[in-house]
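[1] Mind looking at a prediction? Sequence and model below.
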Amino acid sequence: MGVSGLLPQLKPIQNPVSLARYEGETLAIDGYAWLHRSAHSCAMELALNQPTEKYLQFFIKRISMLRHFKITPFFVFDGDSIQVKKDTELKRAEKRKENREKAHALFTAGDKRLAYDFFQKCVSITPEMAKCVIDYLQINSIPYVVAPYEADAQMVYLEKQGIVQGIISEDSDLLIFGCTRLITKLNDNAECIEIDRRNFERLNEGKFPLSKLSEDQLRSLVCLSGCDYTSGVPKVGLVTAMKYVVKNRTMEQMILAIKREGKLTVPANFYEEYEYANFAFQFQRVWCPLSERLVTLNVIPNELQKNQKLFNCIGHAIHKELKIKDIVFDFEDVDHHLHKRISLGELNPHDFNEPLANREHKLRLKSRSMVMTIDKFCTPKNATGSVNGASRKPTGTFLARNSQSVNNGSGIMSKLEKALNKRKLSAPVSGNPSKKAVNSQFFSREKAEPEPEPKPVVRADLEPISKPAYSANFHTDTFADVFMLDSDPESETQTQSTTVTPTATQTETQTETQTETQIDTEVPSTFVLATPPPANLNDKNDNNDAGTTEEESEILSEFEEDKPEDKPEDEPEAAIQKKEDNKILSALRSKFLHTGGLTENRPTVAKARPPLRNVTNIMNKKEQTSKRPSNSLAAASRNASRSASRSASPSPTARPSVRRTMSGAINTMHAASTPASSNSISLSQFAYSRKIETVTKQ
DNA sequence: GCCGATATCTCAT
DNA sequence: GATATCGGC
């Protein structure tokens, strides 16, 4: 979205450059923008709530490219939506819902090709997907932050603080927020377009004399023509808006002028929209990773410090005592600790009462517990027939009465059948959209050429690219590499990859203590994923329509209640019957897994079933998490007075000192986000869940 | 001819 | 978001 038509107007100061230009620098990256782009490759899996690693692979590829140029990426993810934008968000969500329904209808009707088109249109990027990327970033010590509200404001804040030296984004809004160096249109050949705010002065004539505008007028300009926060005045584009802005000092005067002319109609709520937008562009709440406090993009002037309107549209803060998001005038009343946990990706930015779960974890945990649940249903029940009393051991016997319950349609097995049948609809579609030759947008170079010579930039007014353009043939980690997946000793399978450096074969326990990897980034030796798994697998807040079915939820919740210590030992049974039971069990598992949407062509995976302790550990540890004392609270309040002054726009001379403390701040950030041992699951546990898929892909 | 509105394509694999 | 096309002025 952003400001429609702004980038074409800035054509004269668009500078085609190579990433090589940014060597040694840290650049902010709009994480959701990349998620959106990457989601195109797995729209269907996302819409059908199936596991996928494709979006993460896009990040891995791009990060690898940045690292090739010795650029440090600083990822910024969107947080909650601010009030001003809620309407837009609702409309978009509504549209996605419509498309999703169409896609589902087409899919079930068998028109998979058309369904695919609609799946592309209904992709919604969730914080859970961001969390999957965040887990990767943590492993590789790549800095990131989840913004309290919009990533745009957060990225500009990082730039203002000297934490990053530029912003990679497709969004022209950034310039209105005050971004100095915007890097857009980054492609796989490391080519991009730089727009430097300092070049605005070169736009001093013609129909779009941007250099004549103050920051205030720039905001008026985009508000008049329409931006994310205002729908603008109908029939007014950027050029027309420019005329009014140049001629009139204030928005009030512009509106009067428009009304006087009588050709255009100013919408009744326009001025209010403008006021809100003006506040949101300047004072939106952002997270400061240096002071570890929730601050505002720019310091709120004294006369506005109790302005209700302003505080309503810059994003609410969590109140320290009330523990609700609301207008909080006093920065000392803000719960900076909770905001820190949001910024680290520990808590769901839309609902800070919920831990943020890694999408892929969540789906795999669900799938695994389904397998275990199947086992449970197929084992003898205790005297009362209670499901919760049944043993989960897969070697349990399959009694005649259980067999009946499969067929009589009234028991749990029929629920399971229903769940399985529903999942059948989720079977992935084969077929690949046609591939096209990738041409360079800026250098007319074809990717297919073996070692192409970079063509020089022809335009005389632009800085030429000194280094040869980057070849897209760089090392790419696979998902399996990234998470240090071991190969399975039993199946002798290897990770599928064309570019991967294969890791040495290790056992699962070795993986747990592994300190080095083949990936191009260092992994902390003590790393464990700081992802608390979903507190409750039967998550009522799962906002994905295509998510857990009621049946699944029931099964899952039953599974959760099922404590191992409650289980009575199985009665000894005849060996023949046992053999028969196992047959049925494996048939069921294979049926479930084949239709469970994990991967295509999935064989029976009895051996890949994860150890129960993984899940039970996680479940048991959930309680401890909530009891964990907040040890950073004191530190946060200690920083209070200091950061208040820091949050002021730093003078250019103050920046070097800020920069010096950067690495320290980021390290602190990561130390805080890494092994809170009580709520973490081990890497091998995560890797194990991945192994199931690797094995079954063969 | 200029400008804004609208439709369509593009991303990714 | 970019581009092409259309229609109003």
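    Yep, that arrived. Numbering: from 1, shown residues only, chains lettered A, B, ... in the order given.

[2] Please report the distance of residue A:101 from residue A:362.
    Distance, residue A:101 to residue A:362, using CB to CB, to the nearest Å: 23 Å. C-beta: built from backbone N, CA, C; applies to glycine.

[3] interface residues of the stretch 51-200 of chain A facing DNA strand B?
    By CB under 7 Å from any atom of the strand, the residues of the stretch 51-200 of chain A that approach DNA strand B are A:54, A:57, A:58, A:61, A:120, A:187, A:188.

[4] got the contact list for residue A:76?
    Taking CB atoms under 8 Å, 6 or more residues apart in numbering, we find residue A:76 in contact with A:28, A:29, A:30, A:31, A:144, A:145, A:146, A:147, A:151, A:154, A:155, A:158.

[5] got the phi/psi numbers for it?
    The phi and psi values for residue A:76, taken as degrees, to the nearest 10, are phi -130, psi 120.

[6] returning to that earlier point: list only those of the residues of the stretch 51-200 of chain A next to DNA strand B flagged as buried.
    Using 16 or more other CB atoms under 10 Å as the burial test, these include A:57, A:58, A:61, A:120, A:187, A:188 as buried.

[7] Kindly reformat the residues you listed as a markdown table and extend each row with distance to DNA strand C, pLDDT and secondary structure.
    Converted to a markdown table, those look like this (distance: CB to the nearest atom of the strand, whole Å; pLDDT from 0 to 100; DSSP: H, G, I helix; E, B strand; the rest coil):
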| residue | distance to DNA strand C | pLDDT | secondary structure |
| --- | --- | --- | --- |
| A:57 | 23 | 94 | helix |
| A:58 | 18 | 94 | helix |
| A:61 | 21 | 94 | helix |
| A:120 | 12 | 83 | helix |
| A:187 | 12 | 90 | coil |
| A:188 | 17 | 89 | coil |
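
[8] of these, closest to DNA strand B?
    Distance to DNA strand B, by CB to the nearest atom of the strand, is smallest for residue A:58 among those, at 4.4 Å.

[9] about what we covered before: make TSV from the contacts of residue A:76 and add secondary structure, pLDDT and distance to DNA strand C to it.
    Below are the contacts of residue A:76 laid out as TSV (DSSP: H, G, I helix; E, B strand; the rest coil; pLDDT from 0 to 100; distance: CB to the nearest atom of the strand, whole Å):
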residue	secondary structure	pLDDT	distance to DNA strand C
A:28	strand	96	17
A:29	strand	96	16
A:30	strand	94	11
A:31	helix	94	17
A:144	strand	97	23
A:145	strand	97	22
A:146	strand	97	22
A:147	coil	97	18
A:151	helix	94	13
A:154	helix	96	17
A:155	helix	96	14
A:158	helix	97	20
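
[10] ok, so of the residues you listed, who is nearest residue A:289?
    residue A:145 (5.8 Å; CB to CB).

[11] which residues does residue A:317 bridge with?
    Beta bridges link residue A:317 to residue A:326, judged by DSSP bridges.

[12] For it, which residues are in contact?
    A:148, A:285, A:294, A:325, A:326, A:327, A:328, A:333, A:334, A:335, A:339.

[13] go again using 10 Å as the cut-off
    By CB atoms under 10 Å, 6 or more residues apart in numbering, residue A:317 lies in contact with A:148, A:285, A:294, A:296, A:311, A:324-331, A:333-336, A:338-339.

[14] Show me where the stretch 251-400 of chain A has its helices.
    Counting by DSSP state H, counting those that start in this stretch, one finds helices in the stretch 251-400 of chain A at the ranges A:251-261, A:270-283, A:308-313, A:336-343, A:359-377, A:400-407.

[15] Redo those helices as JSON lines? Include mean neighbour count and distance to DNA strand B.
    Listed next are the helices of the stretch 251-400 of chain A as JSON lines, based on neighbours: other CB atoms under 10 Å; distance: least, CB to the nearest atom of the strand, whole Å:
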{"stretch": "helix A:251-261", "mean neighbour count": "15", "distance to DNA strand B": "12"}
{"stretch": "helix A:270-283", "mean neighbour count": "21", "distance to DNA strand B": "13"}
{"stretch": "helix A:308-313", "mean neighbour count": "17", "distance to DNA strand B": "24"}
{"stretch": "helix A:336-343", "mean neighbour count": "24", "distance to DNA strand B": "27"}
{"stretch": "helix A:359-377", "mean neighbour count": "23", "distance to DNA strand B": "16"}
{"stretch": "helix A:400-407", "mean neighbour count": "14", "distance to DNA strand B": "40"}
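
[16] could I get these as a markdown table with mean pLDDT and distance to residue A:114?
    Formatted as a markdown table, these follow (pLDDT from 0 to 100; distance: least, CB to CB, whole Å):
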| stretch | mean pLDDT | distance to residue A:114 |
| --- | --- | --- |
| helix A:251-261 | 88 | 45 |
| helix A:270-283 | 92 | 38 |
| helix A:308-313 | 94 | 41 |
| helix A:336-343 | 98 | 39 |
| helix A:359-377 | 72 | 26 |
| helix A:400-407 | 31 | 37 |
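
[17] Of those, which is nearest DNA strand C?
    That would be helix A:251-261 among the helices of the stretch 251-400 of chain A, by CB to the nearest atom of the strand, at 11.2 Å.

[18] Could you pull up phi and psi at the residue lying closest to residue A:71 once chain neighbours are set aside?
    Of all residues beyond its chain neighbours, the one nearest residue A:71 is residue A:22 (5.0 Å), with distances taken as CB to CB, 6 or more residues apart in numbering. Here is the backbone geometry of residue A:22 (degrees, to the nearest 10): phi -100, psi 20.

[19] now do residue A:307
    The phi/psi pair for residue A:307 (degrees, to the nearest 10) is phi -80, psi 110.

[20] Tell me the spacing between it and DNA strand C.
    Going from residue A:307 to DNA strand C by CB to the nearest atom of the strand, to the nearest Å gives 29 Å.
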